[in-house]
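J.: Next input, structure requested:
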Amino acid sequence: MTLANSIAQTSNRRIALLAVVVIALDQFTKLLVLRLLGYAEEKIVADGFFKFVHWGNTGAAWSMFRGNNEILAVVAIIALGVLFFTRHHFDSKTLLGQTALGLIFGGIIGNLIDRLRVGHVIDFLYFYIQYGGKEIGFPAFNVADSAICSGVVLVLLATWKNEHAAKSDPATPEPTSPPS
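T.: This is a model prediction of the structure:
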C-alpha cells in the first residue's frame, strides 16, 4: 500500500466515523422526541426563549419547498453521491476538511433516514422570543441540521484559510493579465 492510499483511507475513515457519530446522535435524539412528545406537542424549557417541540418538516431548510419530501429525499441522495465523488475538492486530507465532510455527510443521512422512515424530517429544537404579544422564532431544527450547517461553515473556513495562505505565500505567483 502506498503512502497516498494510506492517507486516503485514514481520511475516509475519519469522515465516516464522524458521520456515524452524527447519525447516531441525531437518530437517538429524534427517538427521544418520538417517545416523549406527541406530534405537534411542545414543552417549554426556558419561557420566552426555548422549547422542545415535535414538528415535522416535509420541506428543506426553514420549511422551504414544503410538501416535497420525496423530491428532497432524491436530492439528498444525489447530493451524497456528488459530495462523495468530489470530496477531494473539499480539503479532505486535512482534519478540518474531514470534520466538515463528516458533519455534512452525517447530517444529510440523518435527515434522509427521517424522510424515508417517517415521511418528514423531525425537528425539535425551537428558539424564540416574545415580542408584542407574538412569538417570533428561529425555525425549529435538529442535530442533523446543526451538523450540516457547522460542516458548511467549516468548509467556508477551510476555503478562506487556503485562499488566505495562497495570497500570503510569496512562492504563489500573482495572476497576470493576458497581453493586450
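J.: buried sites along the helix or strand containing Leu103?
T.: Element membership for Leu103 (DSSP states H and E) is helix 95-117. Using 16 or more other Cβ atoms under 10 Å as the test for burial, helix 95-117 gives 96-115. C-beta: built from backbone N, CA, C; applies to glycine.
J.: and if you look at stretch 143-158?
T.: Here stretch 143-158 shows 143-148, 150-151, 154-155, 158 as buried, counting by 16+ other Cβ under 10 Å.
J.: Same question for stretch 160-168.
T.: Buried residues in stretch 160-168 (16+ other Cβ under 10 Å): none.
J.: CA-only coordinates of stretch 149-165, as PDB, when you get a sec.
T.: Only the C-alpha atoms of stretch 149-165 are listed here, as PDB (Å, rounded to 0.1, in the frame of the first residue of the first chain):
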ATOM      1  CA  CYS A 149     -24.700  24.000   9.000                       C
ATOM      2  CA  SER A 150     -21.500  23.500  11.100                       C
ATOM      3  CA  GLY A 151     -19.900  21.500   8.300                       C
ATOM      4  CA  VAL A 152     -20.700  24.100   5.700                       C
ATOM      5  CA  VAL A 153     -19.200  26.800   7.900                       C
ATOM      6  CA  LEU A 154     -16.000  24.700   8.300                       C
ATOM      7  CA  VAL A 155     -15.800  24.200   4.500                       C
ATOM      8  CA  LEU A 156     -16.000  28.000   4.100                       C
ATOM      9  CA  LEU A 157     -13.400  28.500   6.800                       C
ATOM     10  CA  ALA A 158     -11.100  25.900   5.200                       C
ATOM     11  CA  THR A 159     -11.600  27.600   1.800                       C
ATOM     12  CA  TRP A 160     -10.900  31.100   3.300                       C
ATOM     13  CA  LYS A 161      -7.800  29.700   5.100                       C
ATOM     14  CA  ASN A 162      -6.400  28.100   1.900                       C
ATOM     15  CA  GLU A 163      -7.000  31.200  -0.100                       C
ATOM     16  CA  HIS A 164      -5.500  33.500   2.600                       C
ATOM     17  CA  ALA A 165      -2.500  31.200   2.800                       C
END
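J.: Keeping just the C-alphas, turn the longest strand seen in the chain into CSV.
T.: Longest strand of the chain, by residue count under DSSP state E: strand 121-131. This file holds the C-alpha atoms of strand 121-131, laid out as CSV (Å, rounded to 0.1, in the frame of the first residue of the first chain):
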residue,chain,number,x,y,z
VAL,A,121,-37.8,15.4,9.0
ILE,A,122,-38.3,15.5,12.8
ASP,A,123,-37.4,19.0,14.1
PHE,A,124,-37.4,19.5,17.9
LEU,A,125,-35.1,22.5,19.0
TYR,A,126,-37.0,25.8,18.9
PHE,A,127,-35.6,29.1,20.0
TYR,A,128,-37.9,32.1,20.2
ILE,A,129,-38.7,35.4,21.8
GLN,A,130,-42.0,37.1,22.8
TYR,A,131,-42.4,40.4,21.2
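J.: If anything else comes up later, I'll come back, but that's it for now.
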